[in-house]
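*Asks:* I would like the atomic coordinates for the input below:
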Amino acid sequence: MSFCEGVSVCPRCGGMRASASTQVSRDLREQHRPTQPVMGAFETALPFLSVPNQSVRITSDDIRAALRSQRTAVSHMRRPLDLAEVRRIIECSDRTPENNQQLMDFIIKKCPNAEIRESLKEGFQSLVILPLVHMYKFLLEKLKEKEELGNTFDIIFVAHGEIDSFMFPANCLMPLPSIRDVVLYSPWNCVINADVAYGVATGSMQPHHRRFFCTSPQCCPYPDDDHQPTNLPNHWNLMSEAGGSRIPRIRLSPFREPKDAAWNDFVFLQDNLGEPGRNRVLVPFSRQGWMGSFDKIPFEIVTLVLSAVLEAFGCRATVHLAACLIGSEGAAVNEAELKRQYEYTQDNTMMGSSEERLRKRHNGLYKFFKDMFG
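*Replies:* Numbering: from 1, shown residues only. This next block holds a predicted model:
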């Protein structure tokens with residue numbers, strides 16, 4: 001048969017159409033053609049999707065709907081949380097594992113330093129994030145009960161401290177505007193005594209109260225004059241002014257158990273000092289408190305988590321650290337760089353305080369620091 005055989009042309013429009021005999025032949029072929037499943041429409045039950053004792057009939061529309069639902073759920077998990085959602089998750093008493101992961105991701109992304117951020121994603125250090133969140137949530141709930149304190153206050157961390165060789169920009173301790181400033185009191189490589197810790201907690205100590213001396217005068221190889229700083233600024237070490245200058249990592253570790261169990265929790269200094277308007281909260285790191293499960297915590301993680309929780313609750317705080325800042329064993333720090341940043345003291349140097357005005361009035365609080373620092 002030629003190409004045109006069985007095909008007629010319409011004299012009106014020139015269109016081609018099959019003749020009647022050709023159309024019958026085509027219909028017969030269609031009737032005897034084996035049935036093929038149409039791609040995209042499954043009209044038989046799929047055994048791997050079946051439910052026991054129940055027939056399942058699934059179509060491409062069902063599959064597409066399920067995939068859309070899954071993509072929506074994954075997209076929702078990856079979508080950045082807003083502050084209202086963060087606060088809701090923090091306040092939830094029975095958070096799901098997904099909620100916890102969302103919260104950790106939110107906080108880690110707030111870290112401005114890429115190296116620290118990666119260590120939080122991959123290392124054990126991230127394990128401390130959720131306990132810190134719980135502690136800060138409890139703290140803010142207590143603060144909210146004291147309506148006269150408002151939303152701006154001072155938080156004083158009291159702990160054993162040491163520095164290591166890892167250096168990073170000082171402003172990483174203030175990752176969000178919710179932390180107004182971070183104040184360090186001890187020079188680098190220096191220990192403090194109970195007088196200093198008490199003065200930091202109460203806000204009574206000033207730079208001109210500082211006194212320096214040797215911790216082991218009987219066996220120290222350095223003369224007493226070597227323990228007197230020669231380049232000490234007449235102000236505290238403020239991270240807001242340090243900016244991008246590099247500082248060593250500070251690791252905080254807990255005290256031994258206080259003799260008075262009341263000091264395991266937060267201490268609202270307004271209640272203890274009896275002076276109105278003192279928006280100062282003491283957070284002791286003790287073995288029996290919230291930190292008991294951890295040996296050492298990097299201070300930058302402490303302030304990172306605090307900044308995120310403060311932001312979610314619409315609060316701001318200035319952070320004060322009452323801790324020794326001696327070099328950890330084996331740490332190779334750049335003494336010259338730390339001298340330029342603030343001051344670096346000779347080994348075996350202790351900072352004390354000549355300020356005694358409030359110390360005599362509040363013996364209970366002072367005794368707590370004597371128990372801690374010896």
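*Asks:* burial measure for residue 181, as a count.
*Replies:* 16 (other C-beta atoms under 10 Å). No exception for glycine: its C-beta is placed from N, CA and C like everyone else's.
*Asks:* secondary structure class for it?
*Replies:* strand (DSSP: H, G, I helix; E, B strand; the rest coil).
*Asks:* which residue, other than its chain neighbours, is closest to residue 113?
*Replies:* residue 172 (4.8 Å; C-beta to C-beta, 6 or more residues apart in numbering).
*Asks:* now that neighbour: how far from residue 302?
*Replies:* Residue 172 is 12 Å from residue 302, where distance means C-beta to C-beta, to the nearest Å.
*Asks:* pull out the buried positions in the longest strand seen in the chain.
*Replies:* For the chain, the strand reaching the highest residue count under DSSP state E is reported as strand 160-169. With burial defined by 16 or more other C-beta atoms under 10 Å, the residues of strand 160-169 counted as buried are 160, 161, 162, 163, 164, 166, 167, 168.
*Asks:* what's the lowest-pLDDT member of those?
*Replies:* Minimum pLDDT for these is recorded at residue 160 (89).
*Asks:* what's the closest non-adjacent residue to that one?
*Replies:* Nearest to residue 160 is residue 253, by C-beta to C-beta, 6+ apart, at 4.6 Å.
*Asks:* OK, contacts around the one you found?
*Replies:* Residues near residue 253 by C-beta atoms under 8 Å, 6 or more residues apart in numbering: 159, 160, 161, 162, 285, 295, 296, 297.
*Asks:* now it: phi and psi?
*Replies:* phi -130, psi 150 (degrees, to the nearest 10).
*Asks:* residue 204 contacts residue 355, doesn't it?
*Replies:* Yes. Using C-beta atoms under 8 Å, residue 204 is in contact with residue 355, at 5.7 Å.
*Asks:* so for those two, which sits in the more crowded spot?
*Replies:* Shown here are residue 204 and residue 355; by other C-beta under 10 Å, residue 355 has more neighbours (19 against 16).
*Asks:* before we move on, the earlier item: can you pull the contacts of the residue nearest to residue 113?
*Replies:* Here residue 172 is in contact with 111, 112, 113, 116, 300 (C-beta under 8 Å, 6+ apart).
*Asks:* repeat that with 6 Å
*Replies:* Neighbour list for residue 172: 112, 113, 300 [criterion: C-beta atoms under 6 Å, 6 or more residues apart in numbering].
*Asks:* how far away is it from residue 329?
*Replies:* Counting by C-beta to C-beta - residue 172 and residue 329 are separated by 24 Å.
*Asks:* ok, residue 203 next?
*Replies:* 33 Å.
*Asks:* thank you, goodbye.
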